[in-house]
Each structure stands twice: as C-alpha cells, then as structure tokens.
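>>> predicted model and sequence follow; I will ask about them next.
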Amino acid sequence: MISICIIVKNEEKLLNLCLKHLIPLNYEIVVVDTGSTDGTKDVAINYTDKVYDYPWNQDFSAARNFAISKASNDYIFMIDSDEILASCDKKELETYIQRYPDGIGRVMIISEYYRDNEKYSVKNQVSRIFSKKKYCYQGRIHEQVVPIEGEIATIYDAPIRIYHRGYDGDLETRRKKTERNISLLKKELEDKGDDPYILYQLGKSYYMQEDYFASCEVFSKALYFDLDPNLEYVQDMVESYGYALLNSQQYETAMQLLGVYDEFAVNADFLYLMGLIYMNNAMFTEAIGEFIKASQMKVYKMDGVNSYRAYYNIGVVYECLGLVDKAIKYYKKCGNYSLAVKRLNTLVYD
C-alpha cells in the first residue's frame with residue numbers, strides 16, 4: 001500500500017538511524033542518491049534493494065518526483081535523512097488512507113535544537129502522505145505537495161511523529177547548510193518573480209544564519225502580499241519576523257505587529273512573542289498580560305510558550321520591578337526550567 005521515499009546526498013552519518021527506525025513498518029523503502037561521495041549508498045543498500053542514482057540538477061522537486069516514480073505502491077510517505085520516525089500507528093494510518101484516498105496526510109515534525117546552551121522543541125504539521133496518482137512535488141527548493149490536476153481533496157493528520165535533527169549544530173554548520181538553500185531560493189525568485197512562500201523560505205534561511213537584518217527585509221517584502229492568516233506558513237512568517245526584529249534590536253518596529261494582532265493571536269506562540277515585544281519596549285504591564293494569555297492557550301508550536309517560558313518571563317518582569325515575592329512565585333511555576341532555577345537559587349538562597 002505504501003512506499004517510503006527518501007532523497008539523499010552525503011548523509012551516511014544520519015541515514016543509518018533514519019532507515020533503522022523505518023524497517024519495523026515493513027513498507028517498501030526507495031532511496032534516491034543525488035551524488036554522494038561518502039558511504040551513503042552503502043548504508044542504504046543494507047536496508048533496501050531499491051537504491052537509485054539521480055544526477056543533481058539543483059531541483060529538489062525533480063529529485064523527489066523521480067523517487068516517487070520508482071515506488072511500486074500507490075501511496076507515498078516522504079521522509080528526509082535527518083529525520084527519525086518516533087511513532088507510527090500503522091493500522092490507523094492505513095485506515096485514514098482508505099477513508100481519504102485522494103487526501104494528503106500531515107505528519108507531526110518535532111524539531112529539537114540548542115541555542116546558547118538552551119534546548120528548544122518546536123512542532124509542525126507537514127504534508128508527507130499522498131497518492132502518487134493525484135499529487136507530485138513542485139518548487140526547486142522547500143518544495144510543496146501539489147495536485148497533478150484539480151484541487152486538494154482533504155487534509156488529515158496522520159498518526160505519525162517524526163524527530164527532525166536539521167536545525168541543530170553550531171552557527172558555522174547552519175551557515176554551510178543554508179548557503180545552498182539561499183542560492184536556490186534566489187534562483188527560484190529570479191525565474192518566477194516574487195512569491196510570498198519562496199520569500200518566506202528565504203527569510204527563514206537568513207534567520208538560520210542569524211542574519212536577522214536580511215531576514216527582516218525579506219519577511220517584510222513577503223508580508224506586503226495579501227496573505228491568508230490561516231495558512232501555517234503565514235503564521236510562522238509573522239512570528240519569525242517578530243523574532244528577527246527582536247534579535248536585531250528593532251524593538252519599536254516590532255510593535256507594528258499590533259496591527260495584525262486580531263488575525264494572529266490564535267495560538268500561544270504569537271501571544272508569547274507579543275509579550276517579548278512589549279517587554280523589550282518597557283511596557284511591562286502589557287507584557288505580563290500577554291504572557292498570562294499565552295499560558296492559557298492550548299494551541300502552541302514551541303514547547304514552553306504556554307507554560308514555563310511564559311512564567312519565567314513574568315518572573316523576570318517582576319524581578320526587574322523589584323517585586324521579588326511575585327518573581328519567586330512565577331519562577332517556582334517553571335518547574336525544572338534551568339533559567340528559572342538559576343534565578344530562584346540567586347533570590348532565595350544567596
């Protein structure tokens with residue numbers, strides 16, 4: 001029923017763990033190598049006999065569509081080599097496919113990474129399950145699943161959780177990875193003109209490089225388009241723009257997000273961001289209000305924005321205002337969050 005497809009290049013260190021976790025599903029695995037010079041293909045051959053070469057042509061969609069063409073089954077499960085299958089309810093997945101044969105299944109991608117010795121965990125739903133007769137990939141980079149003809153029938157959340165390792169690593173590692181992406185995205189814009197989704201991905205690439213001014217410039221350009229605030233990438237772009245403004249110390253400019261507050265205050269992530277924006281503009285009462293709102297929201301992407309991260313920042317505000325008892329109260333609500341524990345140790349025990 002299902003074929004798992006992967007495109008790879010020089011991923012011998014990551015591919016083994018990826019494939020190892022897929023084997024228990026007992027689905028066909030198709031691996032397409034786009035020019036590896038290490039032992040990637042040797043790793044792949046240990047798990048599947050369906051290993052193919054594809055000459056790299058600067059087009060991820062073309063490579064993915066080639067992999068799909070080599071699949072024996074009608075339904076495709078696309079995964080990347082820097083991802084590890086955490087869980088999959090196989091019976092339920094196949095039930096969903098039978099119920100929505102023309103639909104697209106989204107899987108939960110959990111990205112875990114460290115910045116400044118602090119762990120972050122962010123979850124997103126990404127389209128990865130579909131019929132090869134109905135859908136294909138489009139876009140040179142950060143490709144999207146699109147209908148071969150007509151429109152998307154149904155989108156459902158598949159019972160699959162995946163851990164993504166691609167955001168981790170030091171700044172130099174991330175810069176090397178995103179330089180290629182930036183080059184391809186710029187080429188896509190040159191060929192097809194300004195497109196908000198491609199601009200969004202370009203802005204995210206600059207953000208990964210910590211080039212926040214360039215990121216802000218690109219995000220700002222994309223946000224001039226008439227965009228649907230219900231689209232996940234639009235929500236993420238607005239939030240990423242806000243963080244890029246904060247990280248580049250453009251605090252007053254960040255206050256402009258108040259103009260889209262009603263459209264985007266639908267999850268804890270945006271409310272938490274607004275709390276940080278108010279906080280950096282010394283509007284402490286408003287900041288506390290946003291952090292409290294965030295703590296009451298059930299919908300979130302980044303771990304902690306509706307709990308310990310929100311409480312921690314309330315504690316910081318109260319501590320800055322000299323209200324130590326209130327600060328301690330909120331630091332204690334953070335559990336084992338290391339930054340809060342550090343402040344508690346200073347305030348209570350020093």
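Now that the structure is in, tell me what you want to look at.

>>> who's in contact with residue 238?
Residue 238 makes contacts with 223, 229, 257, 260, 264, 270, as judged by CB atoms under 8 Å, 6 or more residues apart in numbering. No exception for glycine: its C-beta is placed from N, CA and C like everyone else's.

>>> inside helices: which ones of the residues you listed?
264, 270 (DSSP state H).

>>> save the contacts of residue 238 as CSV, and put in pLDDT too.
Listed next are the contacts of residue 238 as CSV, based on pLDDT from 0 to 100:
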residue, pLDDT
223, 94
229, 92
257, 97
260, 96
264, 96
270, 98
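
>>> farthest pair within the contacts of residue 238?
223 and 270 (14.2 Å; CB to CB).

>>> the two: which has the busier surroundings?
residue 270 (27 against 18; other CB atoms under 10 Å).

>>> thought the more buried one was touching residue 239?
Yes - judged on CB atoms under 8 Å, residue 270 makes contact with residue 239 at a distance of 5.9 Å.

>>> any residues in contact with both of the two?
With the criterion set as CB under 8 Å, 6+ apart, the overlap between the contacts of residue 270 and residue 239 is residue 264.

>>> mind checking how far residue 279 is from residue 316?
Between residue 279 and residue 316 the computed distance is 8 Å (CB to CB, to the nearest Å).

>>> avg pLDDT for the lengthiest helix in the chain?
Longest helix in the chain, counting residues (DSSP H): helix 171-192. The average of the pLDDT scores along helix 171-192 is 85.

>>> pull the CA atoms of it into PDB?
Extracted C-alpha coordinates of helix 171-192, given in PDB (Å, rounded to 0.1, in the frame of the first residue of the first chain):
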ATOM      1  CA  LEU A 171      26.400  28.600  13.500                       C
ATOM      2  CA  GLU A 172      29.000  27.600  11.000                       C
ATOM      3  CA  THR A 173      27.300  24.300  10.300                       C
ATOM      4  CA  ARG A 174      24.000  26.000   9.800                       C
ATOM      5  CA  ARG A 175      25.500  28.600   7.500                       C
ATOM      6  CA  LYS A 176      27.100  25.900   5.300                       C
ATOM      7  CA  LYS A 177      23.700  24.100   5.000                       C
ATOM      8  CA  THR A 178      21.700  27.300   4.300                       C
ATOM      9  CA  GLU A 179      24.100  28.800   1.800                       C
ATOM     10  CA  ARG A 180      22.900  26.200  -0.800                       C
ATOM     11  CA  ASN A 181      19.300  26.900   0.100                       C
ATOM     12  CA  ILE A 182      19.700  30.600  -0.300                       C
ATOM     13  CA  SER A 183      21.300  30.200  -3.700                       C
ATOM     14  CA  LEU A 184      18.500  28.000  -4.900                       C
ATOM     15  CA  LEU A 185      15.700  30.200  -3.500                       C
ATOM     16  CA  LYS A 186      17.200  33.300  -5.100                       C
ATOM     17  CA  LYS A 187      17.300  31.400  -8.400                       C
ATOM     18  CA  GLU A 188      13.700  30.500  -8.000                       C
ATOM     19  CA  LEU A 189      12.700  34.200  -7.400                       C
ATOM     20  CA  GLU A 190      14.700  35.200 -10.500                       C
ATOM     21  CA  ASP A 191      13.000  32.700 -12.600                       C
ATOM     22  CA  LYS A 192       9.400  33.100 -11.300                       C
END
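
>>> go through the following helix or strand past that helix and flag the buried ones.
For helix 171-192, the succeeding helix or strand toward the C-terminus, using DSSP states H and E, is helix 196-208. Within helix 196-208, the residues that qualify as buried by neighbour count (16 or more other CB atoms under 10 Å) are 196-208.

>>> now stretch 290-309
290-291, 293-295, 297, 300-309.

>>> then stretch 327-346?
Neighbour-count burial for stretch 327-346 [16+ other CB under 10 Å]: 327, 328, 330, 331, 333, 334, 337, 339, 340, 343, 344.

>>> measure residue 26 to residue 230 for me?
Using CB to CB, one gets 37 Å for the distance from residue 26 to residue 230.

>>> same question, residue 88
Relative to residue 230, and taking CB to CB, residue 88 is found at 28 Å.

>>> neighbour-wise, which of those two wins?
Higher neighbour count among residue 88 and residue 230: residue 88, with 20 against 9, using other CB under 10 Å.

>>> bridged to the more buried one, which residues?
residue 160 (DSSP bridges).

>>> number of nearby residues for the nearest residue to residue 302 once chain neighbours are set aside?
The shortest distance from residue 302 to any non-neighbouring residue, by CB to CB, 6 or more residues apart in numbering, is to residue 122 (4.9 Å). The tally of other residues near residue 122 (other CB under 10 Å) stands at 18.

>>> host element of residue 122?
Here residue 122 is assigned to strand 118-131, by DSSP H and E.

>>> which is the succeeding secondary structure element to that strand?
strand 135-138.

>>> give the other helices and strands that the very next helix or strand once past that following strand contacts.
Downstream of strand 135-138, the first helix or strand assigned by DSSP H and E is strand 144-147. Contact analysis of strand 144-147 by 3 or more CB pairs under 8 Å, 6 or more residues apart in numbering; DSSP states H and E lists strand 118-131, strand 135-138 as its packing neighbours.
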